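> The following comprises the amino acid sequence and a computationally predicted model.
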2 protein chains.
Amino acid sequence: MATIRDVSKETNLSTGTISKAMNRPERVSQKNLDIVHTAIKKLNYKPNMLAKKFRSKTANAIIVLVPDIANLFFAKTIRGIESVARRAGYDVLIGETKGSVSKEEEFIRMVENLLADGVINLSPYVKCNSLLPRRGVFSVSANSCEETPYSSVRIDNVGAAYKIVSHLINLGHKRIGVISGLRENPHTLERMKGYLMALKDNNINFDQSLVVEGDFRYWSGLIAAEKFKNMEKCPSAIFCMNDSMALAAIRGFYDMGIQVPQDISITGFDDLEVSRYIAPQLTTIALPTEKIGEKSAEILIDMIHGNETDCQEYVFPYEFIIRESTANYIKSKT
Amino acid sequence: MATIRDVSKETNLSTGTISKAMNRPERVSQKNLDIVHTAIKKLNYKPNMLAKKFRSKTANAIIVLVPDIANLFFAKTIRGIESVARRAGYDVLIGETKGSVSKEEEFIRMVENLLADGVINLSPYVKCNSLLPRRGVFSVSANSCEETPYSSVRIDNVGAAYKIVSHLINLGHKRIGVISGLRENPHTLERMKGYLMALKDNNINFDQSLVVEGDFRYWSGLIAAEKFKNMEKCPSAIFCMNDSMALAAIRGFYDMGIQVPQDISITGFDDLEVSRYIAPQLTTIALPTEKIGEKSAEILIDMIHGNETDCQEYVFPYEFIIRESTANYIKSKT
DNA sequence: ATGAAAGCGCTAACAC
DNA sequence: GTGTTAGCGCTTTCAT
C-alpha cells in the first residue's frame, strides 16, 4: 500500500506538500497539484484514514444512539441525520442500545476514545439512568422531551396530545381511553399531560381505569384493545400514544366485531407511512421526523466545529391530521 | 487526557510494560500488574483507540451493508452479527445503502481506508452491479442466493418455495397466484424457480398472468391484492414472497370482503414476529435469521484473523410452518 | 520480566 | 509555495 512518502518520492515534492495538496489544495500551485494527482493515480495511493484521524485527532464521524433499529420511526430520523452529516464529511455510525445502559456506555466510550466526534441520542432523557450529557462528549438529543439538560430537538408533545384529545372531545366523546407507552417513559408522561389538560379544560373527570399501559409496539396495542373490549363500559374513543399501537387496536377491535370509527374512534401519534394505507386511515399527529434528524446533526456538527457550545433547544411544529379513524360520538352505539 | 506515558511515569515502569500489561497481562508480573491497574484507575487512563488501531493496523470493526435499516428482517440478522462480533471484540458499523451502488462504494472504501476490517453484505449478489467481492476487502454475503462468488450464508430458497407451493397444491389448489419481489431480485428469481418446479411436478400449467410483481414492502401487497380481486378469475391461493406482502394481502382481501383462508389461501416467507399475532396466523417459511447473522460474522472474523480464506458457503435449514392462512380448496367458493 | 528505542502514516509549525 | 522536522499515542522488536 502506497504511503504519502511514496507519493513524495515519486513527485520529488515533500510529504508536507502532498499533504497540503490533499487537504488545502488552494495553498499549492496548480502545477504541483497536477503532478501530485497523477502520481496518486499512478501509485493508487489511498490516504490511511486511521493515521489521518489519529494525527488530526478528529474522527469525522458521529454516532447515533438508537433504542431499536427495526423501528421505522427512528429510521426516518436517521436518514435526516445522515443526509446532513455526509454532506459535512462525517460518517454516521449507528449504535443500537436496546435500552441498555451498558450498551449506551460502550458507544459513548467510542467518542471518548476519539472514534467519533459526538453522539445524537434518539431516546428521550431520563434523569435516573441517562449517561448523557457527559463532559467532553458532544451530544444532542433528537426527538426529546422537555427539560433535556443538553441540546435537544423535539416537538411539543404536550400540545400535540392536547390537540388530538380535544378533537375527540369536540366530536362529542366523553369516555376517552388511552393506550399509553411504558409508564415511566418521558414521551408517555408528556402526552399524558396533554390528555389530562384537555380533559380538565372540558370539565371531564379523569378515570384512571381508562388508561391501559402499552409499550409503543404493535402487539401491545392488540392486547390493549382486548382489555378495553372486556371493560364494563368501553370508551367511545381511544387516544393511542403512537401509530403502531393505534393500528393494532383498530385491527384488534375489527376482529372482535367493533368497527372504527363507527363504533369507536381511534387516534394515533407519529404518522407512519402505513397509517395512510390502511382502512380506515388514521387520524394522527405527524412529526417532522426527518427534519428533526437534520437539525440535530446540524447542531452537533456546529458543536464539534467549536461554534454553538451552549445547550440549545429547538421545538419543531407538528401537524394534526384528521383522517378516517375518528367520528362523531353516537350515543346508541356504545 | 492521560496517555500511556503518564501511566509509565506514575508507575516508574516503561511504556512497553504498560502496553503489555493491557494486552498480554500474562507476560507481566502480578506485582506490576497491580501497580499498573491502580495507576490506571488513579489517572483515569483510557487507551486512545485511534492510536491503537493506527499502530496495530486493525480497526477491530466490521461494516454491515443493509439496504434498508427500517426492515425488521434485517434487524434480526444484524443482531446475530452483533452478538458474535462484540464477543470477538469487534465494533459493528451499520451502513444503509438504499440499494445505491455509490453508497455501497463509500462503505467499502471505509474498509480500504482501514476504518473497518471487513464487510457483511445483506443484499444478495447481483452480477451486473455488485461491488463485492473486491481485492483486499474481506466480505461475506448474508442471506444470499446461489452462486454468490464470495463467502455466503443462506437458506435453500428454491427448496423452501417448492415446499410451500407444494403444500398449497396438496390442499387442492390449482390456480395459485404469486406476489413476487422486484423482478430482477435474486430472491425473487430463486423463489420463482421453486414455484415453477412445484407446478411442473404436479402437472399444473404456469400462467404468467397470475404473477403480480411487488417490491417486498407492505403497500405493494395491498396493491397486488386489488389486482387479484379484479382478475376475471381470482386464484384460490397466493404464494407471497415475503410476510409483509402476505400480511398486506390478507388485509387487502379482508377489506374487499374476501376471507382468508375460507375464500383464499395465503402463504408468506420469512416468519416475522407479527405473523403469529395477526388473525389468521400466517402459514410461512421461517428462516434462522439470527443464526445466519451469527455465522456470517464468524466467517468474516475468521477471514480477518487469516484463517479460512477461500470462498465458503453455508446453507442453513429453513422451517416450514403451517398455521391458519391456508385451507383446503373448496370449489364453490371461487 | 522489563526497558529502551524505533517507528506506524500523517499533519502542522516553522523556516525559507 | 515548498521543504524540514517534530511528534500524535501506541506497539514491538531487541537487549538486558
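Yes, it's here. Numbering: from 1, shown residues only, chains lettered A, B, ... in the order given.
> So, low pLDDT: which residues of chain A?
Along chain A, segments meeting pLDDT under 70 span A:332-334.
> residue of it with the smallest distance to DNA strand D?
Relative to DNA strand D, the nearest point of chain A is A:G16 (2.7 Å; C-beta to the nearest atom of the strand). Placement of C-beta: from N, CA and C, glycine included.
> Regarding that residue, what is its secondary structure?
helix (DSSP: H, G, I helix; E, B strand; the rest coil).
> what do you get for A:R79?
Under three-state DSSP, A:R79 comes out as helix.
> And the residue nearest to it when sequence neighbours are not counted, how far from chain B?
Of all residues not flanking A:R79 in the chain, A:E290 sits nearest, at 6.0 Å (C-beta to C-beta, 6 or more residues apart in numbering or on different chains). Counting by C-beta to the nearest C-beta, to the nearest Å, the gap from A:E290 to chain B is 13 Å.
> and what of A:Q208?
For A:Q208, the distance to chain B - C-beta to the nearest C-beta - is 27 Å.
> quick one: that residue and A:L196, what's the gap?
Using C-beta to C-beta, to the nearest Å, A:Q208 is found at 11 Å from A:L196.
> tell me the phi and psi of the residue nearest to A:R79?
Here is the backbone geometry of A:E290 (degrees, to the nearest 10): phi -70, psi -40.
> That one reaches A:T77, doesn't it?
Yes: using C-beta atoms under 8 Å, A:E290 is in contact with A:T77, at 6.9 Å.
> between those two, who's got more neighbours?
In this view A:E290 and A:T77 are compared by other C-beta atoms under 10 Å in any protein chain shown, and A:T77 has more residues nearby, 27 against 16.
> In space, what's closest to the more buried one - neighbours in sequence excluded?
A:G293 (3.9 Å).
> tally of neighbours for that neighbour?
Neighbours around A:G293, by other C-beta under 10 Å: 28.
> so it sits in a strand?
No: secondary structure assignment (three-state DSSP) places A:G293 in helix, not in a strand.
> what about the helices in the stretch 1-150 of chain A?
Counting by DSSP state H, counting those that start in this stretch, the stretch 1-150 of chain A has helices at residues A:4-11, A:15-23, A:30-43, A:49-56, A:72-87, A:101-112.
> by contact count, what packs against the fourth one?
Spelled out, it's helix A:49-56. Where contact means 3 or more C-beta pairs under 8 Å, 6 or more residues apart in numbering or on different chains; DSSP states H and E, helix A:49-56 is packed against helix B:49-56.
> contacts for the helix it packs on?
A:48, A:50-51, A:53-54, A:57, A:59, A:110, A:113-115, B:59-60, B:114 (C-beta atoms under 8 Å, 6 or more residues apart in numbering or on different chains).
> Which residues of chain A lie near chain B?
Applying C-beta under 8 Å from any C-beta of the partner chain, we find that chain A lies next to chain B at A:46-51, A:53-54, A:57, A:59, A:68-72, A:75-76, A:78-79, A:82, A:91, A:93-94, A:96, A:109-110, A:112-115, A:218-219, A:222, A:251, A:255, A:273-274, A:277-279.
> Generate a ChimeraX selection restricted to the buried entries among those.
The buried residues among the residues of chain A next to chain B can be selected in ChimeraX (16 or more other C-beta atoms under 10 Å in any protein chain shown) with this line:
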select /A:47,48,49,50,51,53,54,59,68,69,70,71,72,75,76,78,79,82,91,93,94,96,110,112,113,114,115,218,219,222,251,274,277,278,279
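> what subset of the residues of chain A next to chain B is also close to DNA strand D?
A:F54 (C-beta under 7 Å from any atom of the strand).
> if we can go back for a sec, so for A:Q208 and A:L196, which residue has more residues nearby?
A:L196 (16 against 5).
> next structured bit after the strand or helix carrying that one?
In the assignment (DSSP states H and E), A:L196 maps to helix A:186-201. Using DSSP H and E, the helix or strand that follows helix A:186-201 towards the C-terminus is strand A:211-213.
> what's the span of stretch A:272-290, first residue to last?
Using C-alpha to C-alpha, to the nearest Å, one end of stretch A:272-290 lies 12 Å from the other.
> again, but for stretch A:196-208
End-to-end distance for stretch A:196-208, by C-alpha to C-alpha: 11 Å.
> follow-up on the earlier one: count of neighbours near the residue of chain A closest to DNA strand D?
Residues near A:G16, counting by other C-beta under 10 Å: 10.
> Over to the one 3 residues further on?
Counted by other C-beta under 10 Å, the residues lying close to A:S19 total 18.
> ok, it to A:S144 distance?
41 Å.
> With adjacent residues omitted, what lies nearest to A:F228?
A:C234 (5.3 Å).
> ok, back up a step: mind listing what's buried along the helix holding A:L196?
Residues of helix A:186-201 classed as buried by neighbour count (16+ other C-beta under 10 Å): A:186-199.
> among these, which are within reach of DNA strand C?
Within the buried residues of helix A:186-201, nothing lies near DNA strand C by C-beta under 7 Å from any atom of the strand.
> Kindly indicate which of those residues lies nearest chain B.
Nearest to chain B out of those is A:H187 (C-beta to the nearest C-beta; 19.5 Å).
> Relative to A:I321, how far out is the closest one?
19 Å.
> what residues does chain A put near DNA strand C?
By C-beta under 7 Å from any atom of the strand, the part of chain A that sits against DNA strand C consists of A:1, A:3-5, A:15-16, A:19-20, A:22-23, A:47-48, A:51-52, A:54-56.
> Mind doing that once more with 10 Å?
A:1-8, A:14-24, A:27, A:45-58 (C-beta under 10 Å from any atom of the strand).
> and A:H173, what does it touch?
A:235-237, A:265, A:329.
> which of these lies closest to B:E213?
A:S265 (37.0 Å; C-beta to C-beta).
> That closest one touches A:S236, doesn't it?
Yes: between A:S265 and A:S236 there is a contact under C-beta under 8 Å: 6.8 Å.
> Now for these two: what residues contact both?
Residues touching both A:S265 and A:S236 by C-beta under 8 Å, 6+ apart: A:173, A:329.
> neighbours of A:P317, just the number please.
Neighbours around A:P317, by other C-beta under 10 Å: 12.
> can you check A:V119 too?
Residues near A:V119, counting by other C-beta under 10 Å, number 25.
> now do A:R86
There are 14 residues near A:R86, going by other C-beta under 10 Å.
> same deal with A:L247?
So A:L247, with other C-beta under 10 Å, has 22 neighbours.
> can you check A:S296 too?
Neighbour tally, A:S296, other C-beta under 10 Å: 31.
> and it, what does it touch?
Per C-beta under 8 Å, 6+ apart, neighbours of A:S296: A:77, A:80-81, A:120, A:140-142, A:153.
> Taking those together, which two end up most distant?
Farthest pair in those, by C-beta to C-beta: A:G80 and A:S141, 14.4 Å.
> Not counting its neighbours along the chain, what's nearest A:A75?
Distances taken as C-beta to C-beta, 6+ apart put B:A70 closest to A:A75, at 3.5 Å, once the chain neighbours are dropped.
> One more: A:A279?
Nearest residue to A:A279 in three dimensions, chain neighbours excluded: B:D255, at 5.1 Å (C-beta to C-beta, 6+ apart).
> do the same with A:M192
A:S180 (6.4 Å).
> The one you found and B:I299: what is the separation?
44 Å.
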